[in-house]
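Colleague: for reference, the sequence and a predicted model appear below.
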Amino acid sequence: MKLSTTDTSVILEEDALSLTLSEKPAFPDYTNVTARPQIVYYYKEEETVWERYCLCVQRLGESCPDDPFLGCYALLLRQLYPLLLSSSQPKNVIAYGMPTDGVAQIYQDLMTFLQKDSALTVLGPSPFAFTAAAEGSCHALLYCLDASPLLTAVCDAIEKVRPGGIFLLYTAKGTLPAAFSALCAQAETDNFSSCTVFRFSVNDALLTFAGENGTTAYVSSYAEKIFAALDDLRNLLRKMTADPSLAADGFTYAALLLQQTEENLLALYDYLENDALPILTNRLKEGVLDLAAAAGNGFDTAAYREKLTQSSEEFFTALEKEFL
Amino acid sequence: MKKYRMCMIPAYPLENVQILKDRVILPYVCYRQFGESLTLITKPAGDYPYLTYLPGANLVFLPAEEAHMEAAIRYVAAHYNEIDLLFLFSSRGSYADLARTYKSLRPDGIIYLKLDANIDWANALPLSHKPFANFLRDCDIISCEARRLQAFLYKKWRRPVEYIPNGVYLPLYPEAADVRYEEKENMILTVGRLGTAQKNTLLLLYAYALAFVELKTPWDLVLIGSTTPEFQADHEEFCRKFPSIAPHVHVTGIIEDKQTLYQYYRKAKIFALPSRLEGGSPNVFSEAAVFGCTVITTGVDAADDMTDCGRVGRICADAEDIEGFSKELLALCRDSDYLARNFHDMRAYIRECFDYERLAGRLRLLIDLQALKNNARMEQDYEAVYN
C-alpha cells in the first residue's frame, strides 16, 4: 500500500487499486476572517492548510509503509479532515488501539497546525480505558476494532462522543464480526483493500443503541439474572439447613441456581469489586452438594449444615455488599 | 437414579502403584456409588496385583505396539457408545485430541478432568495455545486438589473449577477402624520418594536432629520409600556427623506390603511432609490422617486443607527453613495433650472432608447436573437444526 500526493490530490494505491483520498479545495479568500485560528497560522507558518495536510499524508506513508493499518490511517485522516476544519473550536479527539508514536504524532501535528489547543489522546489497549473519559467529552473517537472486538467496549466508546460528533470504527481485517452487523448498518462505509472505516454521526438513535449495549446495560442484565434467583435460593437454603430430608429435587434445584449464579458472576468478573464472589458461590454450591450427599447416604449432617449456614451467610453478605 | 458407564484413561500407561492412588481410586468409588461399569484403559506396564483391591474394575490393555495416546484415541472412537463418563487425569495437552474425539461422537457424554496440579504447574499451562484451550473447553467438569489452587484458577481461567481433594477410601483401611492413640509411639513418619528435590527429605532429617537434642524423651524418625543415591550418601554422612541420633533414624526402603505400611501409620504420632511441591495433598497424607497422625507440613498448596488452616496440624510455610520446621516439630513432640486430642480431631476431619465416598457423593450430583445440561444443549441444537 502506498500514499502519494500531487499538487491537487492525495492518492492511496495498492497494486492496480487506486483511491483519491482528497482533492485540494478551492479555498475562499479568508484574508479578512483573521478570527479563525487556522487562518492566522496559515499566514504565520507561510504554509497552506492543504500543504500541511499533504505533508502529513507523506509522513504517514513514510512512517508505516508496511503497516496493514496504513489504509485505515489514511481513510481516518480523510474522515477527520472536515471535522477539524469545521470551526475554530479546539477539537478533542480520542484514539483507541492506535500506536502512540508515528501515526498519532502525525495526526496531532495536523490538529495543532489547524488549532493549537486541539488534542489527540491515545488510550491504552484495554476496554477499561474508556472509564478514564467522561461521556460526551470528545468531538471524535477513532476505535480500532481489531484491538478489542467487543460490542460492549465499542458502545462504551460511542458514549464518549458528544452529539453531533463522529465515531470512526476501523478494521484492517476485511471481515466484520457478526455482533457488529446491526451497529454497522447505521454507518457510512469507507474502504480500500482490506481496510474499512465505518463512520457514525453521533445522534440520539446511536446513543440509545450504545446505552442498551454498553457495559452498564451488560452488568445490569447479569445482575438482574443473579437477583432473580436469590429469593428461591434463600428459601431453599433455609429449608435444607433446617431439614435436610428435603426432597433431592430441592438440592438439585439449589445447586443448579448456584451454578448459574456462578457462571453469571464469572461473566461479570471484570467488573466485580470483590473478585472472590464466583468462588464464594462455588463454596456454597459445594456445601449444598455435601449436605445432599450426606443426607442421601445417611451420614450425620450436623457438620455439613453448620458449614452450609456459614458459607450461605458469607455469600449473601458479599453479594449484597457488591450490588446493593 | 442414573447409572453411568465409566472409563478412565491415564495420560500415560498406568503402573500398579497408581491403582490405589487418586487417579484410579476416585473413579472406582464413583463406580461403586453410581456406576454401571468401570473400564481402565492403558498400555500394559507390568503386573497389576493391586487390582485385586478393586473388585468390579475392568482393565483393558491397549495394543503394545502403538503409542499410548494414539491407541487410546482409537479405543474411544470405537467404544464411545459404551462410555457415558470419561475420567481424565492431569492437565496435559496430549489429551486434546482424545477429548475432542469423544465430545464430537458423544456430545451428551461427560468428561471429568482431575487436574493433579500445583500452582506453578497451573500457571505454566499454555492457555493461549488453541488446542489446549479447546481441551479445557471440552472438559465438562474440572476439579483441583487444593483450595489455594482453586482460588488461583478462578482468577486465571475464569471458569468453574471444583475442589475435590485427594482423599481416602475407608474400606481399603479396615485396620484404621480400631486404631487407638494409646498404641502410638513417639514416632515421626514420612513416606515418599526420599531424597528427590520435590520431597525435600533433608529438611526433615536435619530439622529432626535439631529437635532431637532438645527433647527429654527420644523420638524416632522413620523414613519409608525409595531412596535416591544422593540421599543414601546424605544419610550416611548424617550418621557419621550425629552418631548419637543415627540409631533413632530408620530408613526402611520401599514397603510394598500395605499391611506392614499401615503398622507404621498406626504407631506414628506425627506424619511429616517436608515437600517443596505437591499436586494437591499427597495420598500418603490421607493415609496417615486416617490413622490419626498429626501432620506437620511445609506451605505446599494444600497445607491449609490438610491442617484445616492449622487446627489439626502445623504448617511451616518456608520449605527451606530447617530451624522453623524444627521448632514446629519440637513444639508438637512436647505437646502430648494436643497430639492425643488431635488424634480424634484429625480422624473426624478426614472423614468429613477427605472421605472419597462423601466426595463421590458430591461429584455424583455435579455429574447429574452436567448430564441435564448436556442433554438440554443437545435438544436446543436439534431444534435449531430441524425447526
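Modeller: Looks like it arrived, so ask away.
Colleague: for the rest of this, base every contact and every neighbour count on C-alpha atoms.
Modeller: Noted.
Colleague: who touches the nearest residue to B:A268 once chain neighbours are set aside in this structure?
Modeller: Closest residue in space to B:A268, ignoring its immediate chain neighbours: B:M187 at 4.6 Å, by C-alpha to C-alpha, 6 or more residues apart in numbering or on different chains. Taking C-alpha atoms under 8 Å, 6 or more residues apart in numbering or on different chains as the contact definition, B:M187 lies against B:W219, B:D220, B:L221, B:V222, B:K267, B:A268, B:K269, B:I270.
Colleague: in helices, which of those fall?
Modeller: Counting by DSSP state H, the part of the contacts of B:M187 found in helices is B:K267.
Colleague: could you dump the contacts of B:M187 to a markdown table with pLDDT and neighbour count?
Modeller: Shown next, in a markdown table, are those (pLDDT from 0 to 100; neighbours: other C-alpha atoms under 10 Å in any protein chain shown):
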| residue | pLDDT | neighbour count |
| --- | --- | --- |
| B:W219 | 97 | 19 |
| B:D220 | 97 | 19 |
| B:L221 | 97 | 27 |
| B:V222 | 98 | 20 |
| B:K267 | 97 | 22 |
| B:A268 | 98 | 26 |
| B:K269 | 98 | 30 |
| B:I270 | 98 | 28 |
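Colleague: residues near B:T260, how many?
Modeller: Neighbour count of B:T260, defined by other C-alpha atoms under 10 Å in any protein chain shown: 11.
Colleague: and if you look at B:E182?
Modeller: 8.
Colleague: which pLDDT value goes with it?
Modeller: Looking at B:E182, its pLDDT stands at 96.
Colleague: ranges for the strands of the stretch 151-300 of chain A?
Modeller: Here the stretch 151-300 of chain A has its strands, by DSSP state E, counting those that start in this stretch, at A:161-171, A:188-192, A:195-201.
Colleague: what residues does the stretch 101-250 of chain B put near chain A?
Modeller: With C-alpha under 8 Å from any C-alpha of the partner chain as the criterion, the stretch 101-250 of chain B meets chain A at residues B:A151, B:Y154, B:K155, B:R158, B:R159, B:P160, B:E162.
Colleague: quick one on the thing from earlier: make JSON lines out of the strands of the stretch 151-300 of chain A and add mean pLDDT and mean neighbour count.
Modeller: Below are the strands of the stretch 151-300 of chain A laid out as JSON lines (pLDDT from 0 to 100; neighbours: other C-alpha under 10 Å):
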{"stretch": "strand A:161-171", "mean pLDDT": "96", "mean neighbour count": "23"}
{"stretch": "strand A:188-192", "mean pLDDT": "93", "mean neighbour count": "16"}
{"stretch": "strand A:195-201", "mean pLDDT": "96", "mean neighbour count": "23"}
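Colleague: distance of the residue nearest to B:A268 from chain A?
Modeller: 31 Å (C-alpha to the nearest C-alpha, to the nearest Å).
Colleague: got it, and B:H248?
Modeller: Taking C-alpha to the nearest C-alpha, one finds B:H248 at 41 Å from chain A.
Colleague: that residue is in contact with B:L221, isn't it?
Modeller: Yes: the pair B:H248 / B:L221 is scored as a contact, 6.2 Å apart, by C-alpha atoms under 8 Å.
Colleague: can you report how many residues lie near residue 176?
Modeller: Since you didn't name a chain, this refers to chain A. 16.
Colleague: switch to chain B, that's the one I care about
Modeller: The burial count for B:A176: 21, using other C-alpha under 10 Å.
Colleague: I figured it hits B:F291, correct?
Modeller: Yes: with contacts counted by C-alpha under 8 Å, B:A176 reaches B:F291, the gap being 5.4 Å.
Colleague: for the residue nearest the centre of chain A, give me its contacts.
Modeller: Central residue of chain A (C-alpha atoms, centre = their mean): A:A153, 2.1 Å from the mean position. Shown in contact with A:A153 (C-alpha under 8 Å, 6+ apart): A:P127, A:F128, A:F130, A:G214, A:T215.
Colleague: residues contacting the residue in the stretch 151-300 of chain B that chain A sits nearest to?
Modeller: Residue of the stretch 151-300 of chain B nearest chain A, by C-alpha to the nearest C-alpha: B:R158 (6.1 Å). By C-alpha under 8 Å, 6+ apart, the contact set of B:R158 is A:L266, A:Y269.
Colleague: just the strands in the stretch 251-387 of chain B please.
Modeller: Under DSSP E, counting those that start in this stretch, the stretch 251-387 of chain B gives strands at B:270-273, B:294-298, B:313-316.
Colleague: the second one pairs with which strands, parallel or anti?
Modeller: Take DSSP bridges as the rule and strand B:294-298 pairs in its sheet with strand B:270-273 (parallel), strand B:313-316 (parallel).
Colleague: mind checking the longest helix of chain B?
Modeller: Max-length helix for chain B by DSSP H is helix B:356-386.
Colleague: okay, buried residues for it please.
Modeller: By 16 or more other C-alpha atoms under 10 Å in any protein chain shown, the buried positions in helix B:356-386 come out as B:356-371, B:374.
Colleague: of those, which ones also sit close to chain A?
Modeller: Within the buried residues of helix B:356-386, those near chain A by C-alpha under 8 Å from any C-alpha are B:R358, B:L359, B:G361, B:R362, B:L365, B:L366, B:L369.
Colleague: got a list of what the second one touches?
Modeller: With contact taken as C-alpha under 8 Å, 6+ apart, B:L359 is in contact with A:D290, B:I164, B:C353.
Colleague: show me which of these is closest to B:R137.
Modeller: Using C-alpha to C-alpha, B:I164 comes nearest to B:R137 of the contacts of B:L359, at 19.2 Å.
Colleague: phi, psi of that closest one?
Modeller: Phi and psi for B:I164, reported as degrees, to the nearest 10, are phi -130, psi 100.
Colleague: number of residues surrounding the nearest residue to it once chain neighbours are set aside?
Modeller: Residue nearest to B:I164 in three dimensions, not counting chain neighbours: B:E145, with 5.4 Å by C-alpha to C-alpha, 6+ apart. Neighbour count of B:E145, defined by other C-alpha under 10 Å: 26.
Colleague: same question for the one 10 residues further on.
Modeller: Residues near B:K155, counting by other C-alpha under 10 Å, number 16.
Colleague: distance of it relative to A:L277?
Modeller: According to C-alpha to C-alpha, to the nearest Å, B:K155 stands 11 Å off from A:L277.
Colleague: and the contacts of stretch B:69-76?
Modeller: Contacts of stretch B:69-76 (C-alpha under 8 Å, 6+ apart): B:9, B:11-12, B:41-42, B:62-63, B:94-95, B:97-98, B:101-102.
Colleague: in it, what's buried?
Modeller: In stretch B:69-76, counting by 16+ other C-alpha under 10 Å, buried: B:M69, B:A71, B:A72, B:I73, B:Y75, B:V76.
Colleague: what sits against the residue nearest to B:I164?
Modeller: B:E145 touches B:L115, B:D116, B:A117, B:Y163, B:I164, B:P165, B:N166, B:G279, B:G280, B:S281, B:A302, counting by C-alpha under 8 Å, 6+ apart.
Colleague: right, and the fifth one touches B:I142 too?
Modeller: No: under the criterion of C-alpha under 8 Å, B:I164 is not in contact with B:I142, lying 9.4 Å apart.
Colleague: which one of these two has more residues nearby?
Modeller: Taking other C-alpha under 10 Å, B:I164 and B:I142 do not tie; B:I164 has more neighbours (25 against 21).
Colleague: circling back to that earlier point, distance check, the residue nearest to the centre of chain A against A:G214.
Modeller: Taking C-alpha to C-alpha, one finds A:A153 at 7 Å from A:G214.
Colleague: ok, now B:D301?
Modeller: 39 Å.
Colleague: so for these two, which sits in the more crowded spot?
Modeller: Taking other C-alpha under 10 Å, B:D301 and A:G214 do not tie; B:D301 has more neighbours (24 against 21).
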